[in-house]
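# sequence and predicted model, in that order:
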Amino acid sequence: MAILAPDNIANKRMAICRACPHLIQAQILGVPLPGDKPQCAICLCFMKKKTKIASMTCPIDKWGKYPPNKKP
Ligand code: SF4
């Protein structure tokens, strides 16, 4: 089983997150971190990392794990 998602899958996930209203700039104690540090306000994950891990999923089902579950 793949640990990392292929680049095209990670890029598609990141594009969905970038268009999502729940994506925020990561911050500590209300102070935004410098640079491009996108974080999900629901799961609090750092999305540049999370989108690259094959088994990860969006908490509100905007994208799923890789490879997707096969239907019976
Ligand atoms: S993981 Fe889901 S809810 Fe979070 S920013 Fe990405 S698309 Fe939005």
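In hand now; what should we look at?

# now name the helix or strand holding residue 39.
strand 38-40 (DSSP states H and E).

# okay, buried residues for the helix or strand following that strand please.
Note on strand 38-40: by DSSP H and E, the next helix or strand toward the C-terminus is helix 47-50. Neighbour counts over helix 47-50 (16 or more other CB atoms under 10 Å) mark 47, 50 as buried. Where C-beta positions appear, they are placed from N, C-alpha and C, glycine not excepted.

# residues contacting helix 47-50, please?
Contact with helix 47-50 is made by 13-14, 17, 23, 36-40, 43, 56, as judged by CB atoms under 8 Å, 6 or more residues apart in numbering.

# go with 7 Å
14, 17, 23, 38-40, 56 (CB atoms under 7 Å, 6 or more residues apart in numbering).

# near the ligand too, which of those residues?
Among the contacts of helix 47-50, the residues that sit close to the ligand (CB under 6 Å from any ligand atom) are 17, 23, 40.

# what average pLDDT does the strand holding residue 39 get?
Averaged across strand 38-40, the pLDDT comes to 98.

# for that strand, packing partners?
Packed against strand 38-40 by the contact rule (3 or more CB pairs under 7 Å, 6 or more residues apart in numbering; DSSP states H and E) you find strand 23-25, helix 47-50.

# hang on, the earlier thing: could the contacts of helix 47-50 go into JSON lines alongside neighbour count?
Listed next are the contacts of helix 47-50 as JSON lines, based on neighbours: other CB atoms under 10 Å:
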{"residue": "14", "neighbour count": "18"}
{"residue": "17", "neighbour count": "21"}
{"residue": "23", "neighbour count": "16"}
{"residue": "38", "neighbour count": "18"}
{"residue": "39", "neighbour count": "21"}
{"residue": "40", "neighbour count": "20"}
{"residue": "56", "neighbour count": "20"}
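
# between those residues, which sits nearest residue 31?
Residue 31 lies nearest to residue 39 out of these, by CB to CB, at 13.2 Å.

# doesn't residue 22 make contact with that closest one?
No - taking contacts as CB atoms under 7 Å, residue 39 lies outside contact range of residue 22: 9.5 Å.

# burial measure for residue 19, as a count.
By the criterion of other CB atoms under 10 Å, residue 19 has 9 neighbours.
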